[in-house]
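Student: Task: produce atomic coordinates for the following.
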Amino acid sequence: MFMIPITYWIAIVFRITMGLDLVERVTMSQTKVKTLPDAIREFVHDGSSVSIEGFTHIIPYAAAHEIIRQKKRHLTVYRMTADIVVDQLIAGDCVDSLTSSFIGNSSVGSLHELRRRIEGRGRAPLEYHEYSHGGMIARYLAGASGLPFYPVLSYAGSDLPKVNEDIRVMESPYDGQKVYVVPPINADVAILHAQRADTKGNVQIWGLTGIQQEVAYSANKVIVTVEELVEDDVITSDPNRTLLPSHVVDAVVEVPKGAHPSFVQGYYDRDGDFYRQWNDISKDPETLEKWLQEWVHELGGHQDYVDKQGREFWGQLESPYVPSLPVNYGSRRA
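Tutor: The predicted model follows:
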């Protein structure tokens, strides 16, 4: 009977072992999962420019609280709708410059700390640059496309170019028409929130998707906090929902309830009571400082924030289960 040398089997076992080790190392290298403190520590530095987006929906509050908790300073913040999350960052002494196209507490109150800073009545001044929503979208599109500027026709007749010298006029090379243009946004880091992702950083969003994709592609680094991490086959079963593919994401962080008090479609509703309360909280600097101490600085992290709210509180905000109809992604048979 023909005998196979033992050295052959040793070589086979060695190759299999090395191959499995290589697969494991490749798999480990593919993961984008980080903790929230580590992601903020690695990508957000003093003096960084930061895009924080999410329109009414999926606003990354937990990430903003971690920025305040880590006492990041001298940030330049880009946010189309400067709302409570910006007021909190400013109150945390994190922001030197703000660029936005809207300021307000979602039609239920004012952002008193932001107003104090702009009016020179706060602890430090705030540099402010104003655009329209269309202008901010154009800036993100330019940043995502690698363009030096983007045309915006809607500024004709507006007073915004009078107060913002970066809104400029050029002549169209085709018909000589005067066209307003805006510069790109290329933030050091974009911080976004979403429903779910896999460990590689393929991120799925549904509901109000806004301009999350353009913001991600315009930034140098991207942090995405998500309600849950899921298996690869959950992502691949519905690929059209993957707005942010893994190649554009640098860190994905599982942060359940990470968008509160804003809402996340299919997970929890908007906390309207908190939005109404914020007007009174931010109106008085001492009350605002006490809120930051209680709900940010004195907590070890976002899970403490969730636990402090209590199970009954979250139960009141829980979304009903309303699934969409299934989609057949079957391909033509050979």
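Student: need the contact list for the most centrally placed residue in the chain.
Tutor: With distances taken as C-alpha atoms, centre = their mean, residue 192 lies nearest the centre of the chain, 1.3 Å away. For residue 192, the contacting residues are 53-54, 58, 60, 203, 212, 215-216, 222-225, 244, by C-beta atoms under 8 Å, 6 or more residues apart in numbering. For every residue, glycine as well, the C-beta is placed using N, CA and C.
Student: ok, 6 Å please
Tutor: Going by C-beta atoms under 6 Å, 6 or more residues apart in numbering, residue 192 touches 212, 224.
Student: part of a strand, is it?
Tutor: Yes: using DSSP: H, G, I helix; E, B strand; the rest coil, the assignment for residue 192 is a strand.
Student: Could you identify the helix or strand that succeeds the one helix or strand residue 216 maps to?
Tutor: Applying DSSP states H and E as the criterion places residue 216 in helix 212-218. Next in sequence after helix 212-218, counting helices and strands by DSSP H and E, comes strand 221-229.
Student: so how far is the helix or strand following that next one off the chain centroid?
Tutor: Past strand 221-229, further along toward the C-terminus, the next helix or strand under DSSP H and E is helix 232-236. The chain centroid and the centroid of helix 232-236 are separated by 22 Å under C-alpha atoms, centre = their mean, to the nearest Å.
Student: name the helices or strands packed onto the next helix-or-strand element following helix 232-236?
Tutor: Sequence-wise, the next helix or strand downstream of helix 232-236 (DSSP H and E) is strand 242-244. For strand 242-244, the packing partners by 3 or more C-beta pairs under 6 Å, 6 or more residues apart in numbering; DSSP states H and E come out as helix 212-218.
Student: Distance check, the spatially closest residue to residue 203 that is not a sequence neighbour against residue 145.
Tutor: Among residues not flanking residue 203 along the chain, residue 244 sits closest, at 3.9 Å (C-beta to C-beta, 6 or more residues apart in numbering). Residue 244 is 17 Å from residue 145, where distance means C-beta to C-beta, to the nearest Å.
Student: now residue 127
Tutor: Applying C-beta to C-beta to residue 127 and residue 145 gives a distance of 27 Å.
Student: try residue 138
Tutor: With C-beta to C-beta as the criterion, residue 138 and residue 145 are 10 Å apart.
Student: And for residue 333?
Tutor: Taken as C-beta to C-beta, the span from residue 333 to residue 145 is 39 Å.
Student: repeat for residue 65
Tutor: 32 Å.
Student: and those two? which has more neighbours close in?
Tutor: A side-by-side neighbour count of residue 65 and residue 145, using other C-beta atoms under 10 Å, places residue 65 first with 25 against 12.
Student: for residue 278, helix, strand, or coil?
Tutor: helix.
Student: Leaving aside the residues adjacent along the chain, what's closest to it?
Tutor: Using C-beta to C-beta, 6+ apart, the nearest residue to residue 278 is residue 84, at 5.3 Å.
Student: How confident is the prediction for the one you found, by pLDDT?
Tutor: We have a pLDDT of 97 for residue 84.
Student: How many residues are close by it?
Tutor: Residue 84, neighbours per other C-beta under 10 Å, totals 24.
Student: try residue 211
Tutor: 19.
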